[in-house]
Each structure stands twice: as C-alpha cells, then as structure tokens.
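J.: sequence below, structure please.
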Amino acid sequence: MKKVKVGFVTVSDRASRGEYEDLGGPAMREWIGNALVSEWDGVSRIIEDEQSLIESNLIELADSEQCDLILTTGGTGPAKRDVTPEATEAVCDKILDGFAEQMRAVSLQYVPTAILSRQIAGTRGACLIINLPGKPSAIGECLEAVFPAVPYCIDLIEGAYMETDEAFVKAFRPKHAKKPGA
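T.: From the prediction side, this is the model:
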C-alpha cells in the first residue's frame, strides 16, 4: 500500500523571515501524527504571503511531491496580504465548499471573528488541499471537525489509503467503500 504523504505549508511573512516562530506548522504536523495510524511522510514549507509563491508551492507539493493531503495555515483573513484562499482556488480542479462551511461553523463556537475567515478546500489531481486558520488551537478544532471526511475524499480522488486512530478521530467511509487489496 502506498505511504501517505502530507504537505504542511505555513504562509507568513514574519515566520518566513525568522522574525516569528512558526507555531501553525508544528501544530498541523502534531495533529496529523495523532490522527493517522497509516505510515506517512511529511513535507514542510514556510513561505511568504505572496500568491504566486503559494500557488507554486501548492503545485509542487501536489504534482511533484505527490502529496495526498496539503494543509496550509495562515493567510486566510481579510487583510490585504491574506491571499491563501485565492492561491488555493487558482490551483484546484474542484472547490469543496462543505469544508469551509464546517470549519467556520465550528470556529464560531469559540470566536465571533470566525466569520472573517476565508479558508477553503479543494482538490488538485489526487491531492486534497485544506486551508486552516493560523492559531494552533483553531487548527485542531477545524481538523477535528472536517477530518472524518478526509480519508474517504482522498479515496474518491484516488490518493493513498488513510487509516485513522479511532480513539483520536474516526474517519467515515460508506459501508460499500473497500480498502485497497481487500
């Protein structure tokens, strides 16, 4: 069975210059480490808030690195430099609105400013790309809300088969969905 590959992209001018410690990237990596029982490798990037740079990194991670899942953190607010959703939409074949709707609904339980979040999710080939908030606690809350659908989504786009630690997060697959080789 193919090993799962996950890309982690922190979008932050300050973190990319070393002026600010990247907390989002490690938070995403730790969450995935707790969630997956499948063997997996991670590829991490810290880049500036530049749309062309975000696009090129997403394309490279999806196409060249062959990531099954790419998680981004940062750049999803209303500030002029926040362009992660635009970059994500530009490189995706399909946008999956339900991810964004669910993440905002969950985040609104914690902070009223969640309505300012513009994070999206979509597919590029056999890769699912999900924009997450920048705050580590919000990253966990959003992943907990949407991750039950992630493994089956990746099945549908013909990415690697993902198994989760059901004590941490339970993936949902329809009864008719079969494990590869079964």
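J.: for Gln102, give me the pLDDT.
T.: Turning to Gln102, the model gives it a pLDDT of 97.
J.: that one: what's it in contact with?
T.: 145-146 (Cβ atoms under 8 Å, 6 or more residues apart in numbering). C-beta coordinates here come from the backbone N, C-alpha and C atoms, glycine included.
J.: before we move on, what about Pro26?
T.: Residues near Pro26 by Cβ under 8 Å, 6+ apart: Pro136.
J.: check the secondary structure at it for me.
T.: Following DSSP: H, G, I helix; E, B strand; the rest coil, we place Pro26 in the helix state.
J.: in the lowest-mean-pLDDT helix or strand in the chain, what's buried?
T.: Least confident element among the helices and strands of the chain, by mean pLDDT, DSSP states H and E: helix 13-16 (a mean of 92). Residues of helix 13-16 classed as buried by neighbour count (16 or more other Cβ atoms under 10 Å): 15-16.
J.: so Ser44, which state does it fall into?
T.: Going by three-state DSSP: Ser44 is strand.
J.: could you check which helix or strand contains the residue sitting nearest the centre point of the chain?
T.: In the chain, the centroid-proximal residue (Cα atoms, centre = their mean) is Leu71; its distance is 2.4 Å. Element membership for Leu71 (DSSP states H and E) is strand 69-73.
J.: state the mean pLDDT of whatever helix or strand comes next after that strand.
T.: Counting by DSSP H and E, the next helix or strand C-terminal to strand 69-73 is helix 84-91. In this model, helix 84-91 carries a mean pLDDT of 98.
J.: helices of this protein, residue ranges please.
T.: Assigned by DSSP state H, the helices in the chain fall at 13-16, 24-35, 51-59, 84-91, 97-107, 136-146, 150-156.
J.: buried residues in the fifth one?
T.: Taking 16+ other Cβ under 10 Å as the basis for neighbour counts, the residues of helix 97-107 that come out buried are 99-100, 102-104, 106-107.
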